[in-house]
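Peer 1: sequence and predicted structure, then a few things I'm wondering about:
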2 protein chains.
Amino acid sequence: MSDSIDFFFDFGSPYSYFVSTRIDALAQRHGRKVVWRPVLLWAVLKAQGLPPPFEHPLKESYLRRDTERCARFYDLPFKLPSHFPASSHLPARAFFWLQRNTPALAVPFAKRFFEAYFVDDIDISDAAAVADVLMNVAGLNEEAARSAISDIAAKTALQSSVALAVERGVWGVPFIVIDGEPFFGADRLPLIEHKLAAGSPAAVARGVSE
Amino acid sequence: MSDSIDFFFDFGSPYSYFVSTRIDALAQRHGRKVVWRPVLLWAVLKAQGLPPPFEHPLKESYLRRDTERCARFYDLPFKLPSHFPASSHLPARAFFWLQRNTPALAVPFAKRFFEAYFVDDIDISDAAAVADVLMNVAGLNEEAARSAISDIAAKTALQSSVALAVERGVWGVPFIVIDGEPFFGADRLPLIEHKLAAGSPAAVARGVSE
């Protein structure tokens, strides 16, 4: 059994942002590591034969209210972006470029990028805006930042991430897989904690010794 | 502002069962009352132009896992019924019949009925099985129990409940509306607590006096 947890997310998803602020600490409390896996939600849903979420006006208006109160509940700064929904292929490619070239910076970039989109309200589909975050967070120069979001290997890595998500049965984001068990949505964080606590080495040891 | 909370639910919904065990006590802690409003989810969704939930095989298999672990998380007895999904028009009619004829018994019946379906695994669409619950919980004789589930006024009350849900923008169950604010899903219970605590007379008084 691997001790890692798969965290499938889309940089354009508010509930992914909420999970991004908590998942590492949660996993660490139980001796686990998180593998961050950006995907393009639209591509995953299309492959699974599912419609986009929040397309219906009632669900869309619910999302606007629910994300704001969830942010208050989690005590996080949040503003539904002016450009929402938007395709997140640029930050997702940048993540994989960093993972290949300066791996230690990939997750810090992801965390900072969520804030850039959901707090600072940058345009996620604007190459210059995404490049700015890469320069500020990862210290890339302008040329490197621009190539990070158009790199062929990064594009391929993102396609592989989408394919892996489809294969693992992902049908929404955020989607967390722990020892083969799927958890969908930020609201499943307490259930994840419950599972990890039950399956922690200490609890397992107690089970074995009884 | 009314001090009541609208609880829209379907007797066939596992997440409605989970909420049914907690909502009254939660509301009471904050000086609120719950209005229990059974609906037929399929009829509400059809009216809103939405597809049935959990139709996709990935979602259906997720539901089976998620309901079991949620029940463990809430520390509730639970077994996904042999007859699932199933239409819940019989218990919904019985609820409205009781509300009209012996109002004090309607909510106790609802709570007991959820257990009959999600613990004792009765067939919710079987008139004799539903009548049995009515006889055991509400003390009706067999004739009264049988008429409760075929009563014209009860059928009309159920139609009105569906129409009210559609008008209030319900698009799933359980769906709780507090002072015009909608909450969808058992996982929103902590957010409901958060809202009620912020809006409780004590909190409001504190806000006013500051």
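Peer 2: Perfect, thanks for sending it. Note that this is a predicted model, so its numbers are computed, not measured. Numbering: from 1, shown residues only, chains lettered A, B, ... in the order given.
Peer 1: by contact count, what packs against the longest helix belonging to chain A?
Peer 2: Taking DSSP state H as the criterion, chain A has its longest helix at helix A:57-74. For helix A:57-74, the packing partners by 3 or more CB pairs under 8 Å, 6 or more residues apart in numbering or on different chains; DSSP states H and E come out as helix A:14-20, strand B:181-184, helix B:189-199. Placement of C-beta: from N, CA and C, glycine included.
Peer 1: list the buried residues in the longest one.
Peer 2: To tie it back to what came earlier, the one meant is helix B:189-199. Buried residues in helix B:189-199, counted by 16 or more other CB atoms under 10 Å in any protein chain shown: B:189, B:191-192, B:195-196, B:199.
Peer 1: now the residue in chain A that chain B sits nearest to, nearest residue through space, not along the chain?
Peer 2: Per CB to the nearest CB, A:D187 is where chain A lies closest to chain B, at 3.6 Å. Distances taken as CB to CB, 6 or more residues apart in numbering or on different chains place B:D187 nearest to A:D187, at 3.6 Å, with adjacent residues excluded.
Peer 1: that older thread, go back to the buried residues of helix B:189-199 and keep what's next to chain A.
Peer 2: B:191, B:195 (CB under 8 Å from any CB of the partner chain).
Peer 1: could the buried residues of helix B:189-199 be laid out in a markdown table, adding distance to A:F113 and pLDDT?
Peer 2: Putting the buried residues of helix B:189-199 into a markdown table (distance: CB to CB, whole Å; pLDDT from 0 to 100) gives the following:
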| residue | distance to A:F113 | pLDDT |
| --- | --- | --- |
| B:L189 | 31 | 97 |
| B:L191 | 26 | 96 |
| B:I192 | 32 | 97 |
| B:K195 | 30 | 95 |
| B:L196 | 35 | 95 |
| B:G199 | 35 | 73 |
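Peer 1: pretty sure A:V19 is touching A:P174, no?
Peer 2: Yes - proximity of A:V19 to A:P174 meets the contact threshold set by CB atoms under 8 Å, at 4.3 Å.
Peer 1: residues that sit against both of those two, list them.
Peer 2: Shared contacts of A:V19 and A:P174 (CB atoms under 8 Å, 6 or more residues apart in numbering or on different chains): A:7, A:9, A:186.
Peer 1: the last one: neighbour count?
Peer 2: Going back to what we said before, that points to A:A186. 25 (other CB atoms under 10 Å in any protein chain shown).
Peer 1: wait, isn't it in contact with A:Y15?
Peer 2: Yes - the pair formed by A:A186 and A:Y15 meets the contact definition of CB under 8 Å, at 4.3 Å.
Peer 1: can you list residues touching both of those two?
Peer 2: A:70, A:174.
Peer 1: does A:F73 touch B:I192 like I think?
Peer 2: No - the criterion here is CB under 8 Å, and A:F73 misses it with B:I192 at 10.5 Å.
Peer 1: hang on, the earlier thing: the shared contacts of A:V19 and A:P174 in strands, which ones?
Peer 2: Among those, the members falling in strands are A:7, A:9 (criterion: DSSP state E).
Peer 1: dump the buried residues of helix B:189-199 to TSV, plus distance to B:D24.
Peer 2: As requested, the buried residues of helix B:189-199 are exported to TSV (distance: CB to CB, whole Å):
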residue	distance to B:D24
B:L189	12
B:L191	18
B:I192	12
B:K195	17
B:L196	13
B:G199	18
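Peer 1: for the buried residues of helix B:189-199, which one is nearest chain A?
Peer 2: B:L191 (5.6 Å).
Peer 1: how close does the closest one get to A:G185?
Peer 2: B:L191 sits 13 Å away from A:G185, going by CB to CB, to the nearest Å.
Peer 1: now do A:N136
Peer 2: 31 Å.
Peer 1: the two - which one has more neighbours?
Peer 2: A:G185 (19 against 13).
Peer 1: my read is that A:I124 contacts A:A92, right?
Peer 2: No - if you go by CB under 8 Å, A:I124 and A:A92 don't touch, sitting 10.0 Å apart.
Peer 1: quick one: which of the two has more around it?
Peer 2: A:A92 (28 against 25).
Peer 1: now that one: which helix or strand?
Peer 2: Following DSSP states H and E, one finds A:A92 within helix A:89-101.
Peer 1: helices and strands around that helix, which ones?
Peer 2: Using 3+ CB pairs under 8 Å, 6+ apart as the test, helix A:89-101 ends up in contact with strand A:33-38, helix A:106-118, helix A:127-138, helix A:142-148, helix A:152-167.
Peer 1: right, so the ones you listed: which one is the most enclosed?
Peer 2: Most buried of the helices and strands packed on helix A:89-101 by mean neighbour count (mean count of other CB atoms under 10 Å in any protein chain shown) is helix A:106-118; its value is a mean of 21.
Peer 1: helices and strands of chain A: which one has the lowest mean pLDDT?
Peer 2: Lowest on mean pLDDT, DSSP states H and E among the helices and strands of chain A sits helix A:201-209, with a mean of 47.
Peer 1: so where is chain A shaky, pLDDT-wise?
Peer 2: A:1, A:200-210 (pLDDT under 70).
Peer 1: quickly note the distance from A:A144 to A:Q99.
Peer 2: Distance of A:A144 to A:Q99, given as CB to CB: 15 Å.
Peer 1: which ones are touching the nearest residue in space to A:A47 that is not next to it in sequence?
Peer 2: Counting by CB to CB, 6+ apart, the nearest residue to A:A47 once its immediate chain neighbours are dropped is A:V166, at 4.5 Å. Residues in contact with A:V166 (CB under 8 Å, 6+ apart) are A:44, A:47-48.
Peer 1: at 10 Å what do you get?
Peer 2: By CB atoms under 10 Å, 6 or more residues apart in numbering or on different chains, A:V166 lies in contact with A:39, A:43-48.
Peer 1: any chance of these in a markdown table, with secondary structure and neighbour count too?
Peer 2: Output for these, formatted as a markdown table (DSSP: H, G, I helix; E, B strand; the rest coil; neighbours: other CB atoms under 10 Å in any protein chain shown):
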| residue | secondary structure | neighbour count |
| --- | --- | --- |
| A:V39 | coil | 26 |
| A:A43 | helix | 19 |
| A:V44 | helix | 24 |
| A:L45 | helix | 18 |
| A:K46 | helix | 14 |
| A:A47 | helix | 15 |
| A:Q48 | helix | 17 |
